[in-house]
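>>> Predicted model follows, preceded by the sequence.
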Amino acid sequence: QEDNHTETLKNNAVVREKNGNRIMVFVRVRPLAKKEKEAGSRCCVKIVDSSHIYMTEFTTPNDYLRLKRIRGGHFTFDACFSDSASQQEVYSTSTSELVEAVMQGKNGTVFCYDATGAGKTYTMLGTVENPGVMVLAIKDLFSKIRIRSYDGNHVVHLSYLEVYNETVRDLISPGRPLVLREDKQGIVAAGLTQYRAYSTDEVMALLQQGNRNRTTEPTRANETSSRSHAVLQVVVEYRVRDAAMNIIHGVGKLSLIDLAGSERALATDQRTLRSLEGANINRSLLALSSCINALVEGKKHIPYRNSKLTQLLKDSLGGTCNTVMIANISPSILSFGETQNTLHWADRAKEIRTKAPDANEDLLPVPKTEKDQAKLILGLQNENR
Ligand code: ADP
Ligand code: MG
């Protein structure tokens with residue numbers, strides 16, 4: 001398995017070099033759920049090898065009980081994870097490179113895309129026993145920082161927000177809706193809590209607290225499904241000495257996003273709040289797909305302004321950023337419609353090219369004495385942002 005990671009990571013680097021920087025797209029199939037098994041549900045997808053997945057073709061009665069042919073087929077992605085892939089394997093293959101890049105001042109984004117119940121939250125947040133990408137990324141980050149602490153100083157700030165009904169809310173200290181503003185670092189939510197993090201242990205608790213603050217509403221598709229998009233931003237600011245004894249100051253930002261379910265509004269309740277919500281969730285996801293389409297077609301104008309979600313993702317999708325998309329699917333034949341839809345979008349997202357990220361770094365004037373240099377580097381620890 002270790003060998004597999006190294007192989008995939010090498011592969012990823014080759015792909016980036018060959019195609020310019022492009023979105024890396026991964027697919028993860030979750031195990032059949034107990035309910036699906038009890039319903040005698042068959043599987044409609046099969047992982048062929050580490051980068052190929054096959055969706056079976058079959059016929060099924062449509063709403064008018066006429067037979068309808070469901071198109072499947074072969075798909076290729078940067079990696080396909082089977083239901084036995086561990087959280088660590090998913091993290092190492094998809095995201096560990098981005099964590100390394102963030103420590104060199106390069107921005108990165110990871111987002112999960114799928115219908116409710118296919119495994120986004122499991123992949124991004126995970127459980128206490130099996131923490132997901134968000135937690136593993138921060139754990140990895142802190143261990144890398146520890147290793148490099150001899151010649152530099154790193155400060156980590158976290159923020160956690162949700163987009164719900166086209167409103168942006170702080171999940172760490174919930175309160176009034178936040179306003180999005182554009183500044184030279186990109187889009188920022190004014191007044192968002194920047195939580196200074198010192199260790200991995202506190203992060204899981206913080207995220208779980210944040211998730212309790214998320215807006216969840218029962219829908220027909222999944223009773224505890226979350227109807228909001230959650231965005232965790234990890235900002236790493238650092239002062240380090242390079243080999244030439246320069247003192248480098250840099251800032252890298254990693255955004256980890258748990259999107260709301262991509263199911264069509266029709267699959268859930270149509271009435272009142274739910275339908276308004278559905279419309280707005282779809283507005284964000286629809287805007288996301290328009291942006292993806294425009295990016296794939298190489299259009300000049302990308303309609304980021306059409307929703308809060310795409311505004312937030314502006315510098316992550318087409319900009320100078322390493323971007324990873326993880327598409328989660330259920331293997332059950334009961335979800336073939338959603339699976340087909342997800343595979344289609346994931347397949348399309350492969351075409352998006354981004355510009356290789358520049359490092360957000362600059363050189364600081366180096367003080368004469370060793371002592372003053374150390375002071376400058378350590379000073380970061382006590383400065384307020
Ligand atoms: P979503 O956030 O996409 O709606 P969840 O992450 O909540 O879906 O997953 C739905 C259920 O399936 C949860 O009970 C979750 O624990 C389980 N699950 C999802 N992916 C996996 C996996 N790879 N391995 C084991 N259980 C999983
Ligand atoms: Mg979820």
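Arrived safely, thanks for sending. Ligands and ions are numbered 1, 2, ... in the order given.
>>> Which other helices and strands does the helix or strand where Thr310 lies contact?
Under the criterion of DSSP states H and E, Thr310 resides in helix 308-312. Judged by 3 or more C-beta pairs under 8 Å, 6 or more residues apart in numbering; DSSP states H and E, helix 308-312 is in contact with strand 152-164, strand 167-170, strand 180-183, strand 186-189, helix 272-296. All C-beta spots, glycine's among them, are computed from the backbone N, C-alpha and C.
>>> Burial-wise, tell me which of these comes out on top.
The highest average neighbour count among those, using mean count of other C-beta atoms under 10 Å, belongs to strand 152-164 at a mean of 21.
>>> Now it - C-alpha only, CSV.
Below are the C-alpha coordinates for strand 152-164, written out as CSV (Å, rounded to 0.1, in the frame of the first residue of the first chain):
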residue,chain,number,x,y,z
GLY,A,152,12.1,29.0,11.4
ASN,A,153,8.8,29.8,13.0
HIS,A,154,5.3,28.9,11.8
VAL,A,155,1.9,30.2,13.1
VAL,A,156,-1.3,28.5,12.2
HIS,A,157,-4.7,30.1,12.1
LEU,A,158,-8.0,28.3,11.4
SER,A,159,-11.4,29.6,10.4
TYR,A,160,-14.5,27.5,9.7
LEU,A,161,-17.5,28.9,7.9
GLU,A,162,-20.7,27.7,6.2
VAL,A,163,-22.6,28.9,3.2
TYR,A,164,-26.3,28.2,3.8
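>>> Which other helices and strands does that strand contact?
helix 133-148, strand 167-170, strand 195-197, helix 200-212, strand 229-241, helix 308-312, helix 370-379.
>>> go again using 7 Å as the cut-off
strand 167-170, strand 195-197, helix 200-212, strand 229-241, helix 308-312, helix 370-379 (3 or more C-beta pairs under 7 Å, 6 or more residues apart in numbering; DSSP states H and E).
>>> Quick check: buried residues in stretch 123-143?
By neighbour count on 16 or more other C-beta atoms under 10 Å, the buried set for stretch 123-143 is 123-126, 131-142.
>>> cool, stretch 375-385 as well?
Within stretch 375-385, the residues that count as buried by 16+ other C-beta under 10 Å are 376-377, 380.
>>> which among those residues gets closest to ligand 2?
Minimum distance to ligand 2 across these is 35.7 Å, recorded for Leu380 (C-beta to the ion).
>>> The residue of the chain found nearest ligand 2: what's its closest spatial neighbour, skipping adjacent residues?
Residue of the chain nearest ligand 2, by C-beta to the ion: Thr121 (3.3 Å). Nearest residue to Thr121 in three dimensions, chain neighbours excluded: Asp258, at 5.7 Å (C-beta to C-beta, 6 or more residues apart in numbering).
>>> okay, and for the stretch 101-250 of the chain, where does confidence drop off?
Counting by pLDDT under 70, the stretch 101-250 of the chain shows low-confidence ranges at 185, 216-226.
>>> repeat that for 50
For the stretch 101-250 of the chain, applying pLDDT under 50 flags the ranges 219-224.
>>> near ligand 1, which residues of it?
Counting by C-beta under 6 Å from any ligand atom, the residues of the stretch 101-250 of the chain close to ligand 1 are 114, 116-122, 222, 225.
>>> So which of these sit within helices?
Taking DSSP state H, the ones among these that sit in helices are 120-122.
>>> Met103 - how many residues pack around it?
20 (other C-beta atoms under 10 Å).
>>> Was I right to think it contacts Ser143?
No: checked against C-beta atoms under 7 Å, the pair Met103 and Ser143 is beyond contact range at 11.3 Å.
>>> And for Ser84, the neighbour number?
9.
>>> any idea how far Pro31 is from it?
With the distance defined as C-beta to C-beta, to the nearest Å, Ser84 ends up 8 Å from Pro31.
>>> Neighbour count added to the ones in helices among the residues of the stretch 101-250 of the chain next to ligand 1, as CSV?
Formatted as CSV, these follow (neighbours: other C-beta atoms under 10 Å):
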residue, neighbour count
Lys120, 29
Thr121, 22
Tyr122, 20
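>>> Nearest to Gly337 among those?
Checking these against Gly337 with C-beta to C-beta, the nearest one is Lys120 at 17.3 Å.
>>> From what I see, the closest one and Ile329 are in contact.
No: Lys120 is beyond contact range of Ile329, at 10.6 Å (criterion: C-beta under 7 Å).
>>> Many thanks, have a good one.
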